[in-house]
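Enquirer: I'll drop the sequence and a predicted model, then ask my questions.
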Amino acid sequence: MSSSLLWSYCQSCCQGFLFGEEADAFELEVDSYAQRQLEEKELKAWRKLGPIGKLHNVVTYIRRTPQRRKAFIDLAKDEETANAKGRI
């Protein structure tokens, strides 16, 4: 089995596990909202997926502006430093 075929199979399995049997329908729904710039509806569609959807929304929120990305990176560095010193 070629590596690209194996990768495609793994990707399909993961999508089925994360999004259920309606993975393709969900992807079309989200893409249509994104194309029409209906951000709130897109976030609600993701939120329906439970924890995975909430994680997606948090990541989307952080990545939306350079200031949020920098703040997140700074927080992550602070936590790494605290872990290294044994404070957490």
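Expert: Yep, that arrived.

Enquirer: ranges for the helices of this structure?
Expert: 3-19, 23-35, 39-47, 51-63, 66-85 (DSSP state H).

Enquirer: quick check: buried residues in the fourth one?
Expert: Neighbour-count burial for helix 51-63 flags 53, 56-57 (criterion: 16 or more other C-beta atoms under 10 Å). C-beta coordinates here come from the backbone N, C-alpha and C atoms, glycine included.

Enquirer: cool, and the third one?
Expert: Applying a neighbour-count criterion of 16+ other C-beta under 10 Å, one finds 42-43, 45-46 buried in helix 39-47.

Enquirer: which one of those is nearest to R69?
Expert: Closest approach between the buried residues of helix 39-47 and R69, by C-beta to C-beta: L43, at 18.4 Å.

Enquirer: mind listing what that closest one touches?
Expert: The contact partners of L43, taken as C-beta atoms under 8 Å, 6 or more residues apart in numbering, are 57, 60.

Enquirer: ok, the one 3 residues further on next?
Expert: Under the criterion of C-beta under 8 Å, 6+ apart, the contact list for W46 reads 30, 53-54, 56-57.

Enquirer: looking at this structure, which helix or strand is least sure?
Expert: Ranked by mean pLDDT, DSSP states H and E, the weakest helix or strand in the chain is helix 3-19, scoring a mean of 67.

Enquirer: would you map out the domains in the chain?
Expert: 1-49, 50-88 (automatic domain parsing).

Enquirer: for those, which has the smallest mean pLDDT value?
Expert: Lowest mean pLDDT within those: domain 1-49, at a mean of 71.

Enquirer: thanks again, I'm all set now.
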